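Q: Structure of the sequence below:
(chains A and B)
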2 protein chains.
Amino acid sequence: MAGTDKSRTASISKGPVIILVEPQMGENIGMAARAMLNAQLGDLRLVCPRDGWPNSKSRIAASGADSVINDVQVFESTAEAVADLTRVYAATARPRDMIKPVLTPNSGARDMRRAIAGGEKIGVLFGGERAGLDNNDIALADTVLQAPLNPGFSSLNLGHAVLIISYEWYQSVDETPALQLPEGRTRTATKGELVNFFERLETALDACGFLHVVEKRPIMLRNIRNIFQRANLMEQEVRTLHGIVSCLTRSNADHQR
Amino acid sequence: MAGTDKSRTASISKGPVIILVEPQMGENIGMAARAMLNAQLGDLRLVCPRDGWPNSKSRIAASGADSVINDVQVFESTAEAVADLTRVYAATARPRDMIKPVLTPNSGARDMRRAIAGGEKIGVLFGGERAGLDNNDIALADTVLQAPLNPGFSSLNLGHAVLIISYEWYQSVDETPALQLPEGRTRTATKGELVNFFERLETALDACGFLHVVEKRPIMLRNIRNIFQRANLMEQEVRTLHGIVSCLTRSNADHQR
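A: Numbering: from 1, shown residues only, chains lettered A, B, ... in the order given. Predicted structure coming up:
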């Protein structure tokens, strides 16, 4: 689904800080950065990355999200990484022994939007690959974010977990219409243009004998019109269909000659 | 966000077939399989995978999603891979020169649910890492799925693209409440229990002289009550607070002795 518009700069919105606590694989840090930039997030913090920082594997896996990699900040503890934030979310399976509100990523994204609109500085904690967040990290958070997933296989890669939260964040204000029909240089055909084509086609079909069974003619015409109605034709496509009928008619005439 | 319930089997739902067209890296095939199983999807098809099949890197990256890897089917062309399907979606950036409806992943997931409920067999095409889907592949699809992303950096890894479609598919029927407050072995405190604690605390604060400025006493009491009201306390937590007051009172008495 790549579709970067090269004329646009990869702008960063005022969104949540993403905090990876003791991440292990450099590739996953890079994939997290790439996921973030797809959602206009740019502030990535690492708490005690296993292989130190900078990490060349992260830059390769970020696949162009260099701005995020360049701005990474490293901290020695989760408490230091969240010290300047006013609201913290923990992306984790529900902690069974802690009483803390749990939001889906979708409702969490809307909660984050409200918090930011209210002037809060927010962040989301993600645990490392092996053990996830420990309870002391989760205790620093106000709210848990948990994605509803297959109860028999809820096992997200670290980069995938960051993608889901980043993606929901971006969708929560995106205003792309749910359905679009790209029109290019053309427009939807008017009903007049359609009927004009139908009549032209029907004349041709009468001429070649396709509609010769009189009692079946009305229902066949209806069925043929429905086929083309369902196709939501563009004006340009109607012209193409006229051309097809012309060509077939000519070839038929040649054949009969 | 790992949270597999080991007592549950990784069940597969009747969902879309995922079709990767000329995927290059085995790791990405494995990550796609892992993403799919998180969303209860199990039918993965490959068209001309660069490194052949089976691929040991895919199995490692699938990280336990063995059932998906074991059932992979390989095809020599996209047309063969979709031959048994009645409805095909192409996950790609909008093709500028094709007139085809474009849905967001969210609305696309609901469209898929309707199609499957209507008895259709559906699939989603994803292009390879380097060039994505070509126009001939897209022409085999009924509908394009395009995720709204940062216009200046819309560059999803193949596994990430599969994750977004799979995730939205799963969310479209998931009934997890948007907000949950896990209660464990306790329950939300009643207002009676709260007021009982407030009065106990206020008696202690009167005794130790904290509320000695008479004209400020009412507003301080209100502020203190609001702090604890806001915390949405559980019954067990109210008991903990009683214990804290008891302990502090005792230590205060010891100190004064």
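Q: For the longest helix seen in chain A, what is the distance to the chain centroid?
A: Using DSSP state H, we find that the single longest helix of chain A is helix A:235-256. Helix A:235-256 has its C-alpha centroid displaced from the chain centroid by 41 Å (Cα atoms, centre = their mean, to the nearest Å).
Q: does chain B sit close to that helix?
A: Yes - using Cβ under 8 Å from any Cβ of the partner chain, helix A:235-256 reaches chain B at residue A:237. Where C-beta positions appear, they are placed from N, C-alpha and C, glycine not excepted.
Q: Who are the packing partners of that helix?
A: Contact partners of helix A:235-256 among helices and strands, from 3 or more Cβ pairs under 8 Å, 6 or more residues apart in numbering or on different chains; DSSP states H and E: helix A:191-208.
Q: Is the helix it packs on positioned near chain B?
A: No - figure legend: helix A:191-208 not in contact with chain B (Cβ under 8 Å from any Cβ); closest approach 15.1 Å.
Q: pLDDT value on the spatially most central residue of chain A, please?
A: Note on chain A: the residue nearest the mean C-alpha position is residue A:167, at 6.8 Å, using Cα atoms, centre = their mean. For residue A:167, the model assigns a pLDDT of 97.
Q: Neighbours of residue A:56, how many?
A: 10 (other Cβ atoms under 10 Å in any protein chain shown).
Q: ok, it - contacts?
A: For residue A:56, the contact set (Cβ atoms under 8 Å, 6 or more residues apart in numbering or on different chains) comprises residue A:26.
Q: Kindly provide the distance from it to residue A:62.
A: According to Cβ to Cβ, to the nearest Å, residue A:56 and residue A:62 sit 11 Å apart.
Q: right, is whichever strand or helix holds residue A:109 up against chain B?
A: Using DSSP states H and E, the element containing residue A:109 is helix A:105-117. Yes - using Cβ under 8 Å from any Cβ, helix A:105-117 reaches chain B at A:106-107.
Q: How about residues contacting that helix?
A: Applying Cβ under 8 Å, 6+ apart, the contact partners of helix A:105-117 are A:14-16, A:86-87, A:89, A:103, A:122, A:143, A:145, A:147, A:164-165, A:168-169, A:171-173, B:171, B:178-179.
Q: Of those residues, which belong to strands?
A: A:87, A:89, A:103, A:122, A:143, A:145, B:179 (DSSP state E).
Q: Run a quick neighbour tally on the second one.
A: By that I understand residue A:89. 27.
Q: What of the fourth one?
A: Counted with other Cβ under 10 Å, the neighbours of residue A:122 add up to 21.
Q: just checking, it touches residue A:16?
A: Yes - when contacts are counted by Cβ atoms under 8 Å, residue A:122 is listed as touching residue A:16 (4.8 Å).
Q: Which residues are in contact with each of those two?
A: Joint contacts of residue A:122 and residue A:16 (Cβ under 8 Å, 6+ apart) are A:89, A:112, A:116.
Q: Between those residues, which sits nearest chain B?
A: Using Cβ to the nearest Cβ, residue A:89 comes nearest to chain B of those, at 11.6 Å.
Q: Can you mark which positions in the helix holding residue A:109 are buried?
A: With burial defined by 16 or more other Cβ atoms under 10 Å in any protein chain shown, the residues of helix A:105-117 counted as buried are A:105-113, A:115-116.
Q: From chain B, how far off is residue A:228?
A: To chain B, residue A:228 is 14 Å away according to Cβ to the nearest Cβ, to the nearest Å.
Q: Now do the helix or strand containing that residue: which elements does it pack against?
A: Using DSSP H and E, residue A:228 sits within helix A:217-230. Secondary structure elements in contact with helix A:217-230, counted by 3+ Cβ pairs under 8 Å, 6+ apart, are helix A:191-208.
Q: which residues are contacting the helix it packs on?
A: Contact with helix A:191-208 is made by A:211, A:221, A:224-225, A:228-229, A:233, A:235, A:238, A:241-242, A:245, A:248-249, A:252, as judged by Cβ under 8 Å, 6+ apart.
Q: Least confident of those residues?
A: residue A:252 (59).
Q: Assign residue A:45 to helix, strand or coil.
A: Counting by DSSP: H, G, I helix; E, B strand; the rest coil, the backbone at residue A:45 sits in strand.
Q: can you count the residues close to it?
A: Applying other Cβ under 10 Å, we find 21 residues neighbouring residue A:45.
Q: cool, and the one 3 residues further on?
A: A count of nearby residues for residue A:48, using other Cβ under 10 Å, gives 17.
Q: One more: the one 5 residues further on?
A: By the criterion of other Cβ under 10 Å, residue A:53 has 15 neighbours.
Q: Which pLDDT value goes with it?
A: Confidence for residue A:53, expressed as pLDDT, is 98.
Q: Excluding sequence neighbours, find me the nearest residue to it.
A: Spatial nearest neighbour of residue A:53, excluding adjacent residues (Cβ to Cβ, 6 or more residues apart in numbering or on different chains): residue A:74 at 5.0 Å.
Q: for the one helix or strand that neighbour maps to, packing partners?
A: For residue A:74, the enclosing helix or strand under DSSP H and E is strand A:73-75. Contacts defined by 3+ Cβ pairs under 8 Å, 6+ apart place strand A:73-75 against strand A:44-47.
Q: What are the buried residues along the helix or strand that the strand it packs on is followed by?
A: Sequence order places helix A:56-62 as the next helix or strand after strand A:44-47, per DSSP H and E. Buried positions in helix A:56-62, judged by neighbour count with 16+ other Cβ under 10 Å: A:58-59, A:61-62.
Q: Go ahead and confirm residue A:19 touches residue A:77.
A: No - using Cβ under 8 Å, residue A:19 makes no contact with residue A:77, being 11.1 Å away.
Q: Compare the two (neighbour count), which wins?
A: Legend: neighbour count by other Cβ under 10 Å for residue A:19 and residue A:77, higher for residue A:19 (26 against 14).
Q: Can you classify that one by secondary structure?
A: Assigned by three-state DSSP, the conformation of residue A:19 is strand.
Q: again with the one 5 residues further on
A: Following three-state DSSP, the label given to residue A:24 is coil.
Q: residues in contact with it?
A: Taking Cβ under 8 Å, 6+ apart, we find residue A:24 in contact with A:49-51, A:128-130.
Q: Could you check how far it is from residue A:248?
A: 65 Å.
Q: again, but for residue A:90
A: Distance of residue A:90 to residue A:248, computed by Cβ to Cβ: 66 Å.
Q: likewise residue A:111?
A: Relative to residue A:248, residue A:111 is positioned 60 Å away (Cβ to Cβ).
Q: pLDDT below threshold where in the stretch 151-257 of chain A?
A: A:182-185, A:251-257 (pLDDT under 70).
Q: you'd agree the residue nearest to the centre of chain A is up against residue B:150?
A: No - contact between residue A:167 and residue B:150 fails when scored by Cβ under 8 Å: they sit 10.9 Å apart.
Q: Between those two, which contacts overlap?
A: A:38-39.
Q: tell me, how many neighbours does the closest residue to residue A:92 other than its chain neighbours end up with?
A: Leaving out its chain neighbours, the residue that sits closest to residue A:92 by Cβ to Cβ, 6+ apart is residue A:133, at 4.8 Å. Residue A:133 sits with 24 neighbouring residues when counted by other Cβ under 10 Å.
Q: Next: residue A:215.
A: Neighbours around residue A:215, by other Cβ under 10 Å: 6.
Q: Please report the distance of residue A:148 from chain B.
A: In terms of Cβ to the nearest Cβ, residue A:148 sits 4 Å off from chain B.
Q: Also residue A:120?
A: Residue A:120 is 16 Å from chain B, by Cβ to the nearest Cβ.
Q: wouldn't that residue be in contact with residue A:84 here?
A: No - applying Cβ under 8 Å as the test, residue A:120 and residue A:84 come out as separate, 11.4 Å apart.
Q: out of these two, which sits in the more crowded spot?
A: The residue with more neighbours, out of residue A:120 and residue A:84, is residue A:120; 12 against 9, by other Cβ under 10 Å.
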